[in-house]
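Novice: Coordinates for the following, if possible.
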Amino acid sequence: MLLEAKNIQKNYFQDKLKVEVLKNINFSVEMGDYVAVMGPSGSGKSTLMNILGCLDLPTSGDYFLNGKDVLSLSEDELSDLRLNEIGFVFQNFQLLSSQSALENVELPLTYAKIPKSERRRRAIQALERVGLGDRLHFKPTQLSGGQKQRVAIARAIVNHPSLLLADEPTGALDSKSGVQIMDLFRQLNDEGVTIVMITHDAKVAQAANRQIAILDGELIHSAVKGRWEW
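Specialist: Reported below is the predicted structural model:
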């Protein structure tokens, strides 16, 4: 089991009012799986992603990632876990506009203190893997939305993470570019990359092997290849 979340609860307080954002979530992902987490705005899916990505901690419950008890880790250990075990893909790409595609992809390797020559080799390899070997020195302003997302995906996979987390990866793209990105995700998953994707779009979710639906902070049902399990 790559990822296991048990009885995850997340509460916030507004003045003295407790707001339950996630309610007793139980969720697991096998190595090599491809899972879509669906839900409307405000359902709690982004909060769940932040917890799975070790960007936030639950109020209660247990979370294990690749054999590590996440809730027992220090801030430095959590930072190392995010750097080495998790790749992030966001709706708005989060690329540095002043840096080339190659330099953007090199960033995680720089944080990991990988030597320059090895950084360059691995970044080029990652960009070639997403079909951008001819755009190494283009800056984000010179790229289309779909190409920017490909750079973001290359950056997410360059450290060979155990888990790729994607938050609305087609949300800022036109339909053609969105299809291309989903085709790329399918290719990466076929090559063994484990993917958890957050989306509000049922059509996008159908690209995954398994769909999880969340509503008002509760896991309401799941499906395997389109067959819903209640």
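
Novice: who touches the closest residue to residue 129 other than its chain neighbours in this structure?
Specialist: In this structure, residue 129 finds its nearest non-sequential neighbour in residue 154, 6.8 Å apart by CB to CB, 6 or more residues apart in numbering. Yep, even glycine has a C-beta here, placed from its N, CA and C like the rest. Contact partners of residue 154, counting by CB atoms under 8 Å, 6 or more residues apart in numbering, are 101, 105, 123, 126-127, 129-130, 132.

Novice: do the same with residue 19
Specialist: Counted by CB under 8 Å, 6+ apart, residue 19 has contacts 11-13.

Novice: could the residues you listed be laid out in JSON lines, adding neighbour count and secondary structure?
Specialist: Below are the contacts of residue 19 laid out as JSON lines (neighbours: other CB atoms under 10 Å; DSSP: H, G, I helix; E, B strand; the rest coil):
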{"residue": "11", "neighbour count": "14", "secondary structure": "strand"}
{"residue": "12", "neighbour count": "11", "secondary structure": "strand"}
{"residue": "13", "neighbour count": "8", "secondary structure": "strand"}
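
Novice: Just the closest of those residues to residue 56, please.
Specialist: Of all these, residue 12 has the smallest distance to residue 56: 10.6 Å, by CB to CB.

Novice: Is it correct that that closest one is in contact with residue 47?
Specialist: No: using CB atoms under 8 Å, residue 12 makes no contact with residue 47, being 9.0 Å away.

Novice: so what's in contact with those two at the same time?
Specialist: residue 21.

Novice: Tell me which residues of stretch 27-47 come out buried.
Specialist: Applying a neighbour-count criterion of 16 or more other CB atoms under 10 Å, one finds 27, 29, 33-39, 43-47 buried in stretch 27-47.

Novice: mind checking the end-to-end distance for it?
Specialist: When the termini of stretch 27-47 are compared using CA to CA, to the nearest Å, they are 14 Å apart.

Novice: what does stretch 168-180 give?
Specialist: 14 Å.

Novice: Stretch 39-56 too?
Specialist: 19 Å.

Novice: Identify the residues contacting that stretch?
Specialist: Outside stretch 39-56, the residues touching it (CB under 8 Å, 6+ apart) are 3, 5, 8, 10, 21-22, 25, 27, 37-38, 57-58, 63, 65, 70, 78, 81-82, 86, 88, 163, 165, 167, 196, 198, 200, 213-218.

Novice: Geometrically speaking, which residue is the centre of the protein?
Specialist: residue 165 (1.2 Å; CA atoms, centre = their mean).

Novice: Torsion angles phi and psi at the closest residue to that one other than its chain neighbours?
Specialist: Closest residue to residue 165 apart from its sequence neighbours, by CB to CB, 6+ apart: residue 53 at 5.0 Å. Phi and psi for residue 53, reported as degrees, to the nearest 10, are phi -90, psi 10.

Novice: what number of residues lie near residue 53?
Specialist: 19 (other CB atoms under 10 Å).

Novice: go on, the one 5 residues further on?
Specialist: As a burial measure, the neighbour count of residue 58 was computed by other CB under 10 Å and equals 23.

Novice: quick one on the thing from earlier: report the buried members of the contacts of residue 154.
Specialist: 101, 105, 123, 126-127, 129-130, 132.

Novice: At which residues are the strands of this protein located?
Specialist: Taking DSSP state E as the criterion, the chain carries its strands at 3-14, 17-29, 34-38, 60-65, 68-69, 86-89, 163-167, 195-199, 210-215, 218-224, 227-229.

Novice: Make JSON lines from those and add mean pLDDT to it.
Specialist: Output for the strands of the chain, formatted as JSON lines (pLDDT from 0 to 100):
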{"stretch": "strand 3-14", "mean pLDDT": "94"}
{"stretch": "strand 17-29", "mean pLDDT": "93"}
{"stretch": "strand 34-38", "mean pLDDT": "95"}
{"stretch": "strand 60-65", "mean pLDDT": "97"}
{"stretch": "strand 68-69", "mean pLDDT": "95"}
{"stretch": "strand 86-89", "mean pLDDT": "96"}
{"stretch": "strand 163-167", "mean pLDDT": "96"}
{"stretch": "strand 195-199", "mean pLDDT": "95"}
{"stretch": "strand 210-215", "mean pLDDT": "91"}
{"stretch": "strand 218-224", "mean pLDDT": "74"}
{"stretch": "strand 227-229", "mean pLDDT": "46"}
